[in-house]
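Participant: Okay, here's the prediction I keep looking at, along with the sequence it came from:
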Amino acid sequence: RGRGEFTTMTNQAKKHHYVPQALLRHFSIDGAGQRIWVLDKTTGKTFPAPIADVACESHFNTLQIDGRKIVLESVFDAIDSLAAPLLRKILDRRTIGGLSADERYGVAVVTATQLLRVKLQRAMPIAVAEDFAESLRRAGLDPDELANFRVPSVAEAKFASFGRLLGIHALALTFGQKNCALHETRGEAFWISDNPVVMFNSFPYGDVALNALGVEIYFPLSPQYMLAFYCPSIALKIQQRLNSGMVSDRMPWYRELFEAMGTGQAVDSTEHVAFFNSLQVSSSVRFIYGSEPNFARAQQMLAERPKLREVRSLIKAGNLGEVPHRENFPPGDYLVLMEEVDHHMIPLLGWSDEPEGAEFEVRTNASVEQLNELVAAARFNKASIFSNGYEVQMVRNAVVEVVNGQDERIIRVRFQDERMNELTRIIKNRK
């Protein structure tokens, strides 16, 4: 059989790694490739372990179908055989500059596969369904009486996780559309975990999802180097800051990061290692791995946030009928506008959902220069009002109109589709 094909052979290894051993060896103790330091978040214990015995589980990639054992480990063997020399090349050259188109696609495939192959991807559908069932109970409903809903079994979640691998090409193309950068540390080492590919969004209105505007994706390759995939809007925002002449202690690093996205040269991110490592702690199911036994920062995080000791999902279902709260949103009212790539957040003096000829309008004293950008864009995928972290108004496929006054400006928001505007007028007239 060719590599990557499904097999029913009984001589396949029983121990299946969801983080490749070749990748873990980059983090081995003294670079010897045999053992690695482990932090068990659940027990709080730190210990050295053979790389062959971590980030793995017996028959993790084996399915039971109609009484037959289907071993899919060879699928990952094929990907891992691609990954090992490719990642080694990046580490040896200390740059992603000069990679061919095929090699860049290979990096995207390796990262996308690593995102999907871990335990968390199987635990999340179960945890989310259980969370939703509990929200139904809190609302006085019986989840067992809801048509077409039930909590998936472990076997079903495993089967579904392999189904998602069929879309690996499309997922890799999504990674390929990001701005890729290589981060380097010259001090404190990067960690890796049982869920190495992690996401973050620094914008208070941003979602933590692969296609979300503003998303940042990080994949540690060794104690010294880490891959990053950035939403194109981040490069745009950095460029806007650089062009504005803004003075900040962080601007030199932003400039270096912006240049690294273009050249592929590693950017010195030593001062940001604690942040990057914190994402491994908060996004991993149970285990953190490193080349050194110093996990003091992780231990502090776990003491402050005990729920991180065992993570089953990065998604949480809220209460039925309640608007989700964005915890990182500053207090007050803000207009958030989303374009295809760019996005804007404007502080407000007030707003109304009863304007003539618009879905809603807002008042702001934002600069004319900032609002001129909006006039130039005019059309937006989404326009929202956030009040103290809650999205209280939202229009998809929106058009904005800016009216300049002496001390403040008014922004009117309506639908691009005139039929929706007419429907809004009818509803308001009936009130």
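Facilitator: The structure has been received and is ready for your questions.
Participant: SS state for residue 228?
Facilitator: Here residue 228 takes the strand state, with states given by DSSP: H, G, I helix; E, B strand; the rest coil.
Participant: contacting residues for the spatially closest residue to it that is not a sequence neighbour?
Facilitator: With sequence-adjacent residues excluded and distances taken as C-beta to C-beta, 6 or more residues apart in numbering, residue 228 is closest to residue 181, at 4.6 Å. C-beta here means a position set from N, CA and C on the backbone, and glycine is covered the same way. Going by C-beta atoms under 8 Å, 6 or more residues apart in numbering, residue 181 touches 96, 227, 228, 230, 257, 260, 261, 264, 267.
Participant: Wait, the last one touches residue 180, no?
Facilitator: In other words, residue 267. No. Counting by C-beta atoms under 8 Å, residue 267 stays clear of residue 180, with 11.7 Å between them.
Participant: Can you show me the strands along the stretch 1-150 of the chain?
Facilitator: Taking DSSP state E, counting those that start in this stretch as the test, the strands found in the stretch 1-150 of the chain are 15-17, 35-40, 46-50, 56-58, 62-65, 68-71.
Participant: Which among those is found nearest to residue 325?
Facilitator: Minimum separation from residue 325 across the strands of the stretch 1-150 of the chain (C-beta to C-beta) falls at strand 35-40, 31.1 Å.
Participant: hmm, who's touching the helix or strand harbouring residue 427?
Facilitator: In this structure, residue 427 is located in helix 418-430 according to DSSP states H and E. Here helix 418-430 makes contact (C-beta under 8 Å, 6+ apart) with 354, 357, 359, 414, 415.
Participant: and the fourth one, which of the three is it?
Facilitator: It refers to residue 414. Residue 414 is classified as strand under three-state DSSP.
Participant: Nearest residue to it in space, please, no chain neighbours.
Facilitator: Excluding the flanking residues, the one nearest residue 414 by C-beta to C-beta, 6+ apart is residue 358, at 4.6 Å.
Participant: The one you found contacts residue 412, doesn't it?
Facilitator: Yes. Under the criterion of C-beta under 8 Å, residue 358 makes contact with residue 412 at 4.0 Å.
Participant: overlap in contacts of the two?
Facilitator: Listed as contacting both residue 358 and residue 412 by C-beta under 8 Å, 6+ apart are residue 401.
Participant: Looking at those two, which one has more neighbours?
Facilitator: The neighbour count for residue 358 versus residue 412, taken as other C-beta atoms under 10 Å, is higher for residue 358 (22 against 17).
Participant: and that one, that one's in a strand?
Facilitator: No. Under three-state DSSP, residue 358 falls outside any strand and is assigned coil.
Participant: number of nearby residues for the closest residue in space to residue 227 that isn't next to it in sequence?
Facilitator: With sequence-adjacent residues excluded and distances taken as C-beta to C-beta, 6+ apart, residue 227 is closest to residue 219, at 4.4 Å. Counted with other C-beta under 10 Å, the neighbours of residue 219 add up to 20.
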